[in-house]
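1. structure for the following, please:
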Amino acid sequence: MEIAFLICSLLLLLFGVYIGFLIGSNVGERAVTKADYWKMNAAAIIVTVLLAFIFAGLPLLYGAIIGLLAGCIAGLKMAFGESTGPWRALDKMFNVNRSHRETAERGGGEERRRRRKEGAPAPDLISVTEDKRSKTRKNAKDAR
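-> Reported below is the predicted structural model:
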């Protein structure tokens, strides 16, 4: 193999990862449940297999096709916003995506994704407890 072929294959692989991540991020925002997420992953794999069959005669594009799959799966995961399946083990092992792991443990991710999809506002979270420091300052001012 020539060096030019290898360089072009690597560039196409990186370009495929980038484009796949963009596609996965946009499509992954539509997933509400874990079942939706896994269906989208399966669809990405099926599309990749079909592209591999179509472009089987062009070995230069193999890297771009694999890059599309890798980027799409990573983009789906990041847009889904929750550690699920094998991602949970990887996130825990490498100690990354802490918010995704916390969402998976709390279990409120589906409600958040449903609100985001419907365009509903976030719930109002108002603290009704007084801060102890402000209470003591207020009492100190009243004593003067």
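
2. Provide the backbone phi and psi angles at the residue nearest to Ala31 when sequence neighbours are not counted.
-> Closest residue in space to Ala31, ignoring its immediate chain neighbours: Tyr37 at 4.4 Å, by Cβ to Cβ, 6 or more residues apart in numbering. Glycine gets a C-beta too; all of them are placed from N, C-alpha and C. Main-chain torsions, Tyr37, degrees, to the nearest 10: phi -60, psi -50.

3. what distance do you get for Tyr37 to Leu90?
-> 15 Å (Cβ to Cβ, to the nearest Å).

4. which of those two has more neighbours?
-> Between Tyr37 and Leu90, counting by other Cβ atoms under 10 Å, Tyr37 is the more crowded of the two (23 against 13).

5. can you give me the pLDDT of the more buried one?
-> Model confidence at Tyr37, given as pLDDT, is 91.

6. wait, it sits on Leu76?
-> Yes. Between Tyr37 and Leu76 there is a contact at 6.6 Å, judged by Cβ atoms under 8 Å.

7. what's the local residue count around Arg30?
-> Neighbour number of Arg30 under other Cβ under 10 Å is 14.

8. scratch that, Gly16
-> Neighbours of Gly16 (other Cβ under 10 Å): 22.

9. what is the distance between the helix or strand harbouring Phe15 and the centre of its chain?
-> Assigned by DSSP states H and E, Phe15 belongs to helix 3-28. Mean-position distance between helix 3-28 and its chain equals 17 Å (Cα atoms, centre = their mean, to the nearest Å).

10. just the buried residues of it, please?
-> 9, 12-13, 16-17, 19-21, 23-25, 27-28 (16 or more other Cβ atoms under 10 Å).

11. how about stretch 84-92?
-> 84, 87-88, 91.
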